[in-house]
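[1] curious how this folds, go ahead:
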Amino acid sequence: MLKCTNNKLRLCLRISLKAIMKLQGCLSRLVLMYSSILVLAELESFKMEYANARLECNAADERANILASEVIGLEEKARRLRSNELKLERQLENSQAKISSFKKPAANQHADQHPS
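    Numbers count the residues shown, from 1 in each chain. Okay, here's the model as predicted:
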């Protein structure tokens, strides 16, 4: 009877050890799957961050292009204004020269009419 009980216990022990080994294998696979899921979730998070950064970068590029166009327009306007300013300065100088040229004969004529 003792031998029979011993054999039954040994059989139960072998069955239990096989079950434990099988469960350990399952647990290892579950841990690996869980780790993979965490890595995939982190990867997805990085992908979303990258996509958002890309959108912000594209928006910044577009704003930079708009500002560059505005700067070019303002530079052209500044050149036109400077050109007009220089033209007006030349016209003023020419007008002043004409006025001076008219003043000399008038001053001479006035001196001739009223000798001191």
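
[2] please tell me how far residue 88 sits from residue 65.
    According to Cβ to Cβ, to the nearest Å, residue 88 and residue 65 sit 35 Å apart. In this view, the C-beta of every residue, glycine as well, is placed from N, C-alpha and C.

[3] can you pull the contacts of the residue minimising distance to the centre of the chain?
    Centroid-nearest residue in the chain, with Cα atoms, centre = their mean: residue 57, separated by 3.4 Å. Contact partners of residue 57, counting by Cβ atoms under 8 Å, 6 or more residues apart in numbering, are absent.

[4] could you check how far it is from residue 45?
    Counting by Cβ to Cβ, the gap from residue 57 to residue 45 is 19 Å.

[5] swap in residue 103?
    Counting by Cβ to Cβ - residue 103 and residue 45 are separated by 85 Å.

[6] output the below-cut-off pLDDT ranges for the chain.
    Flagging of the chain using pLDDT under 70 yields the residue ranges 106-116.

[7] ranges for the helices of it?
    2-113 (DSSP state H).
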